[in-house]
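Trainee: generate a structure from the sequence data that follows.
(one chain, ligands or ions: 1)
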Amino acid sequence: MARYLVVEDSNVVVKILKHLAKATLGEDVVFATSMAAAQQAYQQHQHTLEVALVDLSLPDAPDGELVDYLLEQKLPVVVLTGSSDSHKRDILQAKGIADYVIKESRYSYQYALNMIRRLSHNRQVEVLVVEDSKMARKHIQLLLSLHCYHVHTAEDGVQAMKRLHQHPDIQLVITDYNMPNMDGFELVQAIRHEFEKRRIAIIGLSGQGDNHLSVRFIKNGANDFLNKPFEQEEFFCRVTNNIETITLLKEMEQQANRDFLTGLFNRRYFQDTAGELVTQANKANKPVSAAIIDVDHFKQINDEYGHQGGDAALVHIARLLNELTQPFLLARTGGEEFSLLMPGLNEVKAYEFADALRARVADGIVDVNDDAYTRVTISVGIATGTQAELDELLNRADVHLFQAKESGRNLVVGEQD
Ligand SMILES: Nc1nc2c(ncn2[C@@H]2O[C@H](COP(=O)(O)OP(=O)(O)OP(=O)(O)O)[C@@H](O)[C@H]2O)c(=O)[nH]1
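Mentor: The predicted structure follows:
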């Protein structure tokens, strides 16, 4: 499955690009060295190709004919060229290329490959443009679509807030200041009232020379600003920087919430989220059940197959539990201990659910290393309550888990036992 088309005729440059592409783009690249070969590759992979990196002059396409061909096919194109002629660059930008990279150094090839990877990633990035002027709105929308962003638009702050509620995955808002109903500052304040800076970035647009506006944008909670009219390249730099910061913060947050070995949520995340879910269940006067799941005789698996074998078994169990416990909240809360919160399940339903889980784990075969397999069982303690506190539920579940272990393991013990 090829996602990237890279076209370059120089053997030396192809060698460098292939080497760098392996680390940057993985295996999803198809290379071509002429327009004819590129067209053939395009025909073959057109359903999976997302973006192309193209040398401007090729032996059978000396004047950028391949760029025109690919743009006609609506494939985003990054141009690679030896020339730094700014007139040529302006013409290409007017045609609708995504970016223009001059072959200056190894770094420029890396930049070009990073750019095509980013363009394919941008398809999942949602951006909201807030502008009352139709022309300006269309212009910004067009620029963003050149970089493959998923664009939403709004004519004023009131409409913008509606869009943010309709599309919770919007990561960046680009907003003008002067708008009817709710202006740019009021919008920034309203966004910050609901969404933190690490969730949604905001770039304010301010009229040229009016530094006061840009300062006020930042003081009201915007991440960045851009003076109008702006250079296309500066616009893209600011958009990219802000998206990269949000993505990085999201990744860091993910890492902080996840257990390194199994990828499940960790104890910290469980405590915070389970607390919120219990509060919600209490407000709705609904029952909520908690379960503590502990692998039986896990020490023996480590003793028999080594720590690595034990790790492989934990990953296997975690994957199975994760699959079977949707949509409930599951986390690895200890070495071989997992916690599960089941809002809405009463004593009977929680017991049935946990017992089915126990049976599935006992039925499975665990791959502990290349050619060794074993079986594992789990013991489960459950507690259920209406208007309960999380800590109290977990304490009771822990007592029931102890009873399950005492009674022979591979057992579920709940409230009615
Ligand atoms: N491989 C591996 N082992 C772990 C990890 N975390 C904890 N353990 C091991 O899990 C074992 C837990 O042992 P015990 O608490 O004695 O419990 P058990 O052997 O499962 O016995 P019961 O719970 O009484 O059924 C210990 O040997 C820990 O070293 C881990 O991340 N990886």
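
Trainee: neighbours of the residue in the stretch 101-250 of the chain positioned nearest to the ligand, how many?
Mentor: Taking CB to the nearest ligand atom, the ligand has its nearest neighbour within the stretch 101-250 of the chain at Lys250, 26.1 Å off. Using the backbone N, CA and C atoms, a C-beta is placed for each residue, glycine as well. Neighbours of Lys250 under the rule other CB atoms under 10 Å: 13.

Trainee: begin at 799, not 1, for the rest of this chat.
Mentor: Let's use 799 as the start, then, which means that last one is Lys1048.

Trainee: so how far is Leu962 from it?
Mentor: Noted for Lys1048: a distance of 17 Å to Leu962, by CB to CB, to the nearest Å.

Trainee: repeat for Asp1022
Mentor: Taking CB to CB, one finds Asp1022 at 18 Å from Leu962.

Trainee: neighbour count for these two, which is higher?
Mentor: The neighbour comparison of Asp1022 against Leu962 (other CB under 10 Å) goes to Leu962, with 21 against 18.

Trainee: mind listing what the more buried one touches?
Mentor: Listed by CB atoms under 8 Å, 6 or more residues apart in numbering, the contact set of Leu962 reads Leu926, Ile968, Val971, Ile989, Glu992, Phe993, Ile998.

Trainee: now, of the residues you listed, which are buried?
Mentor: Among the contacts of Leu962, those buried by neighbour count (16 or more other CB atoms under 10 Å) are Leu926, Ile968, Val971, Ile989, Phe993, Ile998.

Trainee: about what we covered before: not counting sequence-adjacent ones, nearest residue to the residue of the stretch 899-1048 of the chain closest to the ligand?
Mentor: Arg996 (7.7 Å; CB to CB, 6 or more residues apart in numbering).

Trainee: residues near the one you found, how many?
Mentor: Neighbours of Arg996 (other CB under 10 Å): 13.

Trainee: which of the three states applies to it?
Mentor: With DSSP: H, G, I helix; E, B strand; the rest coil as the basis, Arg996 sits in coil.

Trainee: phi first, then psi, for it.
Mentor: Dihedral pair for Arg996: phi -80, psi -10, per degrees, to the nearest 10.

Trainee: could you check how far it is from Glu929?
Mentor: Counting by CB to CB - Arg996 and Glu929 are separated by 25 Å.

Trainee: can you count the residues close to the closest residue to the ligand within the stretch 799-948 of the chain?
Mentor: Closest to the ligand within the stretch 799-948 of the chain is Gly824: 29.6 Å, counting by CB to the nearest ligand atom. When neighbours are counted by other CB under 10 Å, Gly824 registers 11.

Trainee: same question for the one 10 residues further on.
Mentor: Using other CB under 10 Å, the number of residues around Ala834 comes to 14.

Trainee: for Leu1143, same thing?
Mentor: 23.

Trainee: for it, report the pLDDT, please.
Mentor: What the model reports for Leu1143 is a pLDDT of 96.

Trainee: sec struct for it, please.
Mentor: Leu1143 - assigned by three-state DSSP - is coil.

Trainee: gap between it and Thr1184?
Mentor: Taking CB to CB, one finds Leu1143 at 11 Å from Thr1184.

Trainee: also Ile814?
Mentor: Per CB to CB, Ile814 is found 66 Å from Thr1184.

Trainee: repeat that for Asp967.
Mentor: For Asp967, the distance to Thr1184 - CB to CB - is 34 Å.

Trainee: neighbour count for those two, which is higher?
Mentor: Thr1184 (12 against 8).

Trainee: dihedrals phi and psi, the closest residue to the more buried one other than its chain neighbours?
Mentor: Distances taken as CB to CB, 6+ apart place Pro1085 nearest to Thr1184, at 4.8 Å, with adjacent residues excluded. When quoted as degrees, to the nearest 10, the phi and psi of Pro1085 stand at phi -70, psi 160.

Trainee: contacts only, for Pro1085.
Mentor: Pro1085 neighbours (CB under 8 Å, 6+ apart): Ala1079, Gly1142, Leu1143, Asn1144, Glu1145, Thr1182, Gly1183, Thr1184.

Trainee: fine, thanks again, bye for now.
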